[in-house]
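1. I would like to see how this sequence folds:
(chains A and B)
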Amino acid sequence: MKAVELAKSYNPKDFEDRIYQGWKDKGEFGPKKDASGEHFSVVMPPPNVTGILHMGHALNNSLQDIIVRYYRMTGRPTLWVPGTDHAGIATQNVVERQLKKEGLRRQDLGREKFLERTWLVKEKHHDIIKSQLEKMGCSCDWEHERFTMDEGLSRAVREAFVTLYERGLIYKGKYLVNYCPKCGTALSDDEVEYENMPGKLYHVRYPYADGSGYITVATTRPETMFGDVAVAVHPEDERYKEIVGKLLCLPLTDKKIPIIADSFVDREFGTGMVKITPAHDPNDWECGRRNNLEAVNILNPDGTLNDNCPQKYRNIQAVEARELVVKDLEDGGYIVKIEDHAHDVGHCYRCHTVIEPYLSDQWFVKMKSLAEKALAALENSDIVFYPRRWENTYSHWMETIRDWCISRQLWWGHRIPVWYCKDCGEVIVSREDPSCCPKCHGTSLEQDSDVLDTWFSSWLWPFSTLGWPEKTDDLARFFPTSTLVSAYDIIFFWISRMIMSSEEFLGQAPFRDIVITGLVRDIQGRKMSKSLGNGIDPLEVIDQFGADAMKFTLCYMAAQGQDVLIDMNSFKMGSRFANKIWNATRFLLMNLEGRNLVKVGEDEYSVMDKWIYGQLNSTCLAIRKAMEGYRFNDAAQSIYSFFWNDFCDWYIEESKQRLLHGTDDEKDRAISILMDILESSMRLMHPFLSFITEEIYQKLPNHDGDVIVASYPEYDGRRCFEDAARLVSSLQDVVRTVRSVRSNLQIAPEKKLKVVFRPSAGFAATDLIRDELVFVSSLVGASSFIVDSGSAQPVDGAFPANGLGYECFVFVRDAIDVDAEIARLEADTAKAGKSLAAVEAKLSNEAFIRNARPEAVEKERAKKAEFEEKIRKNTEHIALLSSF
RNA sequence: GGAGGAUUAGCUCAGCGGGAGAGCGCCUGCCUUACAAGCAGGAUGUCACAAGUUCAAUCCUUGUAUCCUCCA
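-> Next up, the predicted model:
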């Protein structure tokens, strides 16, 4: 057999793109036609089509890719559906910003032209996103790619809307919505972000209508007083019991408003009296509804005061009107005082403009019955969150859910499938575009101008992408999906709603396992954001370290649900590991020269062979368990320590003896086992380091097809080789002990010394050490390594060291720092003394002997013996050293 | 106001009812014929604080402190 040449250093750019293209060309990402068993399917949380993927996407998609590749290799029919989201407001904002640079508004183009332009922007950004996902190595099935405004998904949106309407779950109503004046649209409650901001609290006198004095109310927004319809006090507030029902004069107007009682009033806040402005405050809105109060809207859609206000203030922006109103109130003697007052102000989650509560016509979904089904799904364990603690958050949201405002005053999105007949006023809600009014047969129909909230399409994602409402094969085969991986910031927006829609339309949960990842933050724990400039571009990471290094590092750091704090340097970890894999492979492939691969039977295994196979085997088990619990960091750590610490540091090192100096037969057997482990390792590591393992796998003489579709190594209970594990562990201990002596004495590596190894009677690894004498000698730099089980060898003048069940004597004649070594031994003895005292205290405690598990007691006894031996030997060694 | 999370090595973080861990960083020595992106050795911790449960607590319970997030 010929050696295989590998480039001298690991350079992911040499092969990552090529490998990805190869997988794509061969159609490896789609579900195998002949795969059997339970399906495994995942839908990718669709990124906003106008966004560039950030590290959060990298984390999320890396984890999905790991899961998907893992299950694909276990042989299950596996599907990962990619796609993008039309992101109504965000995308429309992008296009409007472009227009603004050209001095245009969307109205100048008109709806149709504007949408044409938006589609172009969408296409461009979509291509960027797709190429980013490809660069990352995501093994999603591009044949199944979807976009929320695809024809099929649009049909699903209509089906959902009309079905809900038919079930009486959709209604249009006057409602106080969160209105973003900049985006010009209503927002759902969840799309409002609150931020504590400085403001003022104005204490204003409202005189009694009968002239008998005045009361004082506190408000942060005096300009809304023209919309006041009442002043409320707490019903149990003793101070104000007498005045409930009295009328007040609204200053600056000739309006009369009553004093009412409502328990939502906070008695401690301000004067304990609040003005009620139902059209401009959510709490007041609720209060107004409870008390049958009119809602007086005082704003125009552009944020100026309207005709419900006195002439003087009309058509002035609210902020300016406030100053004017305050001045007039002051002039009229109505202001008692003005205090600084910080309070939470709602901002648009897209453009961060201050939200204005605004009374308007909107479409809503009644959420109560939907939420009940979604809650039941959790109670029945149809869905499970990883980690579990998110289940509380989910239930709480479901229990306190409010109706969902789904209309948006935008152009980019799914048009609401409602038409109004201009002739008879009939409202038509239809799956198909109607050509005439079903009631009067008039043909002048006008479609509702609003579009639906983007989440109204993405909440259907797990089944709309599989063809729903059609009864497709995909739907039958891959629904419900298996696992959803998402960050916690969209549990409410998206995850919860998917569960509701799926329960409502398909009668089952859309997925079982919900994996909630942390957020990616910078090294100081701050969110990565454009304004801070602390973002890390995944493409830059890939450029610098490779996609495998990025994925492995993220996986290694993604402890269940914890935020991931990273900087550029973090990725060195994955990069070094990949380099290690590369070089270990390079070494092994070099050694193929002139060799024949042979089958080595289990009965021919050496202890070291058994050990490495056992380590491989237990790693398989560890990974399986980690994957089942979505403990990605555990899986990554298992792989890392197996490949690097076990395979490279010990097994390959041990093999070198035979590889370099063995007979042909020994060399053949050595390389055969090495190649076998390497081949298994590539399969084992492939989900976590996909490109490098494929690149290497293709070069292995013992490979079969592509690793991406190879079978995943399975745990085999019969191949644990626990005895070998114990023996090798002892051997490693001996090596470390001698090395430590040398290192402490600063003996140069090239200086070979005689070592006498003196095992105590019970030491199990004596035979192994005899068998591995050459290996052990080379590792400890011994000129001769004498196993002295009968204590026959003189050790006078040798430097002593002890370990678990043995002593070593290193023959070193050069000047050594005896004092330092004595000090070290004394410290060690003191530490052992402490440990011994603790153990003895335990053992002399009757309660411990009585109550503790027998194994625990046994272990303590063993520890006691161990510490005693250590102290005894240390004492001897100190004496020995003192005589130097 | 409610809920959740965090507090372990210099940094970022795992972990666990019975002898404190990883990566990075640091110190020392090595270019040992795969890898200096490497190898070997080493130092560093009242596991936030206080009570309780337990034979045994870094781990479980409660409280306190500090920090973070979400919801209202």
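2. Run through chain A and note the low-pLDDT ranges.
-> For chain A, residues meeting the criterion pLDDT under 70 lie at A:188-190, A:529-532, A:813-817.
3. Contacts only, for the residue nearest the centre of chain A.
-> Central residue of chain A (CA atoms, centre = their mean): A:Thr517, 2.1 Å from the mean position. By CB atoms under 8 Å, 6 or more residues apart in numbering, the residues touching A:Thr517 are A:Leu59, A:Asn60, A:Leu63, A:Val485, A:Ser486, A:Ala487, A:Tyr488, A:Ala558, A:Gly561, A:Val564. To be clear about C-beta, it is placed using only N, CA and C from the backbone, and glycine gets the same treatment.
4. ok, the third one touching A:Tyr556?
-> No. The pair A:Leu63 and A:Tyr556 fails to qualify as a contact (CB atoms under 8 Å) at a distance of 11.5 Å.
5. Give me the common contacts of these two.
-> Taking CB under 8 Å, 6+ apart as the contact rule, A:Leu63 and A:Tyr556 both touch A:Phe632.
6. nearest spatial neighbour of A:Ser681, skipping sequence neighbours?
-> Spatial nearest neighbour of A:Ser681, excluding adjacent residues (CB to CB, 6 or more residues apart in numbering): A:Phe643 at 5.9 Å.
7. Hmm, A:Ser680 and that neighbour touching each other?
-> No. Using CB under 8 Å, A:Phe643 makes no contact with A:Ser680, being 10.7 Å away.
8. Return the subset of the contacts of A:Thr517 lying in helices.
-> Members of these lying in helices (criterion: DSSP state H): A:Leu59, A:Asn60, A:Leu63.
9. which of the residues you listed tops the neighbour count?
-> Using other CB atoms under 10 Å as the neighbour criterion, A:Leu59 leads the ones in helices among the contacts of A:Thr517 with 26 neighbours.
10. what sits against that one?
-> With CB under 8 Å, 6+ apart, A:Leu59 has these contacts: A:Thr517, A:Val520, A:Leu554, A:Ala558, A:Val564.
11. what's the spacing between it and A:Gly525?
-> Distance of A:Leu59 to A:Gly525, computed by CB to CB, to the nearest Å: 16 Å.
12. Next: A:Arg726.
-> 43 Å.
13. swap in A:Glu666?
-> Distance from A:Glu666 to A:Gly525, counting by CB to CB: 55 Å.
14. The two: who's more crowded?
-> Ranked by neighbour count (other CB under 10 Å), A:Glu666 and A:Gly525 place A:Glu666 first, with 14 against 8.
15. Roughly how far does that one sit from A:Val429?
-> Counting by CB to CB, the gap from A:Glu666 to A:Val429 is 81 Å.
16. same check, this time on A:Cys555
-> 47 Å.
17. What is the neighbour count of the residue nearest to A:Ser681?
-> The local packing of A:Phe643 (other CB under 10 Å) involves 24 other residues.
18. which bits of the stretch 1-150 of chain A sit near RNA strand B?
-> Proximity of the stretch 1-150 of chain A to RNA strand B, by CB under 7 Å from any atom of the strand, involves residues A:Ser9, A:Tyr10, A:Asn11.
19. want to throw those into TSV with neighbour count and secondary structure?
-> Converted to TSV, those look like this (neighbours: other CB atoms under 10 Å; DSSP: H, G, I helix; E, B strand; the rest coil):
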residue	neighbour count	secondary structure
A:Ser9	10	coil
A:Tyr10	23	coil
A:Asn11	12	coil
